[in-house]
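A.B. asks: give me a model of this one.
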Amino acid sequence: MGDIKKSKLSMTISEASDFFDEHDIFEVADVVEVKDIRFALKKKKYVGLDMRLFEKIKSKAKKLHMSEDMLIQEWLMEKV
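C.D. replies: Down below sits the predicted model:
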């Protein structure tokens, strides 16, 4: 499995999961408990789309190298 000295910032979630399946958290000397995490959740409303329309949006988003959500958001912001 992965080297214990591998940068924790460069691990994927899957790699970290595999790593800690085989290692104890206390083997990593610089691990500290996080006591205060703050974040702001944004409320979202999900709407249904016809799958044929969504496939067209998905194709356009892929050509523009962006997510479908971001493309839809951008288009809606232009219209509102």
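A.B. asks: got a pLDDT number for the spatially most central residue of the chain?
C.D. replies: For the chain, the residue sitting closest to the mean C-alpha position, by C-alpha atoms, centre = their mean, is residue 13 at 10.1 Å. pLDDT recorded at residue 13 is 81.
A.B. asks: how near is it to residue 30?
C.D. replies: 20 Å (C-beta to C-beta, to the nearest Å). C-betas here are computed from N, CA, C, even on glycine.
A.B. asks: now for residue 28, how many residues are close by?
C.D. replies: 13 (other C-beta atoms under 10 Å).
A.B. asks: for residue 19, that is, sorry about that
C.D. replies: 18.
A.B. asks: for residue 28, see how far away it is.
C.D. replies: The spacing between residue 19 and residue 28, counted by C-beta to C-beta, is 9 Å.
A.B. asks: how about residue 68?
C.D. replies: Where residue 28 is concerned, residue 68 sits at a distance of 38 Å (C-beta to C-beta).
A.B. asks: what of residue 51?
C.D. replies: Applying C-beta to C-beta to residue 51 and residue 28 gives a distance of 46 Å.
A.B. asks: got the CA positions of stretch 27-43 in PDB?
C.D. replies: The C-alpha coordinates for stretch 27-43 follow below in PDB (Å, rounded to 0.1, in the frame of the first residue of the first chain):
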ATOM      1  CA  GLU A  27       0.900   6.300  13.200                       C
ATOM      2  CA  VAL A  28       0.700   9.700  11.500                       C
ATOM      3  CA  ALA A  29       2.500  12.100  13.900                       C
ATOM      4  CA  ASP A  30       1.100  15.500  12.600                       C
ATOM      5  CA  VAL A  31      -2.600  14.500  12.700                       C
ATOM      6  CA  VAL A  32      -4.600  16.900  15.000                       C
ATOM      7  CA  GLU A  33      -8.200  16.900  15.900                       C
ATOM      8  CA  VAL A  34     -10.200  19.600  14.200                       C
ATOM      9  CA  LYS A  35     -12.400  21.300  16.700                       C
ATOM     10  CA  ASP A  36     -14.100  24.100  14.900                       C
ATOM     11  CA  ILE A  37     -15.400  23.700  11.300                       C
ATOM     12  CA  ARG A  38     -17.500  26.400   9.800                       C
ATOM     13  CA  PHE A  39     -19.200  26.400   6.400                       C
ATOM     14  CA  ALA A  40     -22.300  27.900   4.900                       C
ATOM     15  CA  LEU A  41     -24.800  25.700   3.200                       C
ATOM     16  CA  LYS A  42     -26.700  27.200   0.300                       C
ATOM     17  CA  LYS A  43     -30.300  26.100  -0.200                       C
END
